[in-house]
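S.K.: Coordinates only, no sequence provided:
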């Protein structure tokens, strides 16, 4: 019985969730070309590592602009290597 209630609640939640097409993001890079694709609809094309890579897409006739990707999370820096300590010896061996 609890499974049926859970499934019904999950289905109702999925029906209520609406993702507006104007906020669709594609890509995982620091810069996005935000392009107007219709009345009040924008597409975020986030495949650009620098603003210089993004600019030609917007200047090429697309109505839009370049913007930072609001969801971009840079990779953490590599961990510093620690020195090898070797084997510890006891006194008296």
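M.R.: That came in fine, so what should we check first? All of these numbers come straight from a predicted model, not from anything done at the bench.
S.K.: Run through who's touching stretch 44-56.
M.R.: By C-beta atoms under 8 Å, 6 or more residues apart in numbering, the surrounding residues in contact with stretch 44-56 are 23-35, 57, 66-67, 69, 71-72. For glycine as for every other residue, the C-beta is placed from the backbone atoms N, C-alpha and C.
S.K.: Show me the helices in this structure, by range?
M.R.: Secondary structure of the chain (DSSP state H): helices at 2-16, 51-59.
S.K.: tell me, which of these is the model least confident about?
M.R.: Of all those, mean pLDDT reaches its minimum on helix 2-16 (a mean of 56).
S.K.: check contacts around residue 37.
M.R.: Neighbouring residues of residue 37 by C-beta under 8 Å, 6+ apart: residue 43.
S.K.: Quick check: it vs residue 45, distance?
M.R.: For residue 37, the distance to residue 45 equals 10 Å [C-beta to C-beta, to the nearest Å].
S.K.: ok, the closest residue to residue 36 other than its chain neighbours to residue 34 distance?
M.R.: In space, and not counting its chain neighbours, residue 36 is closest to residue 63: 4.2 Å by C-beta to C-beta, 6 or more residues apart in numbering. To residue 34, residue 63 is 10 Å away according to C-beta to C-beta.
S.K.: Between these two, tell me which one has more neighbours.
M.R.: residue 34 (17 against 10; other C-beta atoms under 10 Å).
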